[in-house]
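Colleague: Show me how the following folds:
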Amino acid sequence: MNVSQILQSIINVFKFHKKKILFFFGSISLGTLILFPYDDLSDYITQQVTQQTQSNVYLQFDGLSFGLMPQLGVKMENVLVESIYAPTLAVKTLGFAPKVSSFIGSAAGKIVAYGIFKGEASVEFSPSNELKIDNEEVGLEVSLEDVDLKELTKYISESKPLPITMNGTTQLDSHFFIDPKFKKQPKGDINFQVKNLDIPSSIIPLRMGAAVMSMSLPALKLSELKIEGNLNDGKLFIREGKIGETKDDLYGTVTGDVFFQMAPGGRFLPAGYDLKVNLNISENLQRQLKLFLSVLDMHEGIGDKYKFKSLRGIRYSMGLRARDFNSAPQIKPY
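Modeller: Purely as a prediction, here's the structure:
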């Protein structure tokens with residue numbers, strides 16, 4: 001039998017017995033998935049996460065399963081993440097799918113969390129050279145879908161108390177390039193949006209020069225809060241900042257720069273800001289804010305220089321600049 005005959009015989013096997021071959025390998029794959037010792041692997045994953053993070057993160061979950069379609073991946077049910085960096089986080093389902101490049105040395109893949117703050121979050125990561133640094137850098141695509149803002153603010157307040165708990169639905173689409181050592185600041189784009197924002201009545205500290213006073217604010221509802229911008233070299237440039245809609249009691253725009261630093265460990269260190277603010281306040285809200293606005297108008301002559309009448313009430317147009325968030329802002333023309 002010559003080579004061509006051998007090849008033809010092999011071709012005929014796949015041609016006339018392909019269903020049997022697919023059934024054979026499919027049965028092996030299915031049997032492997034069914035009989036795989038998931039409990040042992042679950043314990044191994046928990047142990048590895050603890051070891052690799054030097055006992056700083058503990059991962060626990062009820063069930064583990066593998067999937068082959070549409071791509072190779074692993075899924076964990078009822079996940080609990082305990083960490084020294086943040087409060088305990090509970091996720092209904094956590095899935096991970098590596099990219100092909102992960103098998104040849106470059107860490108890349110996608111993590112999807114379902115049931116996180118009643119919504120969905122995903123993080124896609126891959127190697128990058130956008131920052132042009134000596135050590136490895138990572139490209140991240142982060143998104144949030146239908147995340148409950150009330151649940152999110154409650155979670156954040158467990159480690160850092162917040163003055164208020166807000167209601168609304170949060171969306172986020174972003175793409176970052178990060179130096180894991182943070183010797184160079186992140187770079188990327190951000191698109192953040194909150195729909196149907198409901199801010200309950202609250203008491204806030206108000207800085208007027210060297211004086212600090214407490215001020216009561218009424219409940220406020222905004223149809224939308226939106227921020228689009230770019231991150232680069234320790235600065236968030238807000239291209240578009242939208243506060244409410246024209247039908248709301250408060251609506252307007254904000255643009256400009258917010259300065260910050262990311263430190264090792266992922267710590268966020270806020271700095272100052274240089275913003276242009278244009279806010280419209282309805283007559284209804286103006287009555288509720290009468291005391292607050294009277295104090296605001298007296299500060300650096302805001303009422304005389306930057307306050308204007310509008311169709312529905314009043315409008316403030318001015319620039320705000322400060323070296324940090326604890327200092328009273330410098331007021332300047334818009």
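Colleague: list the buried ones in whichever strand or helix holds residue 221?
Modeller: Using DSSP states H and E, residue 221 falls within strand 220-232. Counting neighbours by 16 or more other CB atoms under 10 Å, one finds that the buried residues in strand 220-232 are 220, 222-229, 231. Just so you know, the C-beta spots here come from the backbone N, C-alpha and C atoms, and that holds for glycine as well.
Colleague: ok, of the residues you listed, which one's closest to residue 270?
Modeller: residue 231 (13.6 Å; CB to CB).
Colleague: what pairs with the closest one across the strands?
Modeller: Going by DSSP bridges, residue 231 is paired in beta bridges with residue 188, residue 236.
Colleague: Roughly how far does it sit from residue 124?
Modeller: 17 Å (CB to CB, to the nearest Å).
Colleague: Then residue 75?
Modeller: Separation of residue 75 from residue 124 (CB to CB) stands at 16 Å.
Colleague: Please apply the same query to residue 137.
Modeller: The gap separating residue 137 from residue 124 is 15 Å, by CB to CB.
Colleague: and the nearest residue to residue 83 once chain neighbours are set aside, how many neighbours?
Modeller: The shortest distance from residue 83 to any non-neighbouring residue, by CB to CB, 6 or more residues apart in numbering, is to residue 57 (4.7 Å). Residues lying near residue 57 (other CB atoms under 10 Å) number 15.
Colleague: hang on, isn't residue 57 packed against residue 88?
Modeller: No: counting by CB atoms under 8 Å, residue 57 sits too far from residue 88 to count as a contact (11.0 Å).
Colleague: Need the residues touching each of these two.
Modeller: 81-82 (CB atoms under 8 Å, 6 or more residues apart in numbering).
Colleague: Could you list the buried residues of stretch 312-327?
Modeller: When burial is assessed from 16+ other CB under 10 Å, stretch 312-327 yields the following buried residues: 312-322.
Colleague: Report the buried residues of the one helix or strand residue 280 maps to.
Modeller: Residue 280 is part of strand 267-282 when elements are defined by DSSP H and E. Neighbour counts over strand 267-282 (16+ other CB under 10 Å) mark 272-282 as buried.
Colleague: so who does residue 276 touch?
Modeller: Contacts for residue 276 (CB under 8 Å, 6+ apart) come out as 254-256, 318-320, 334.
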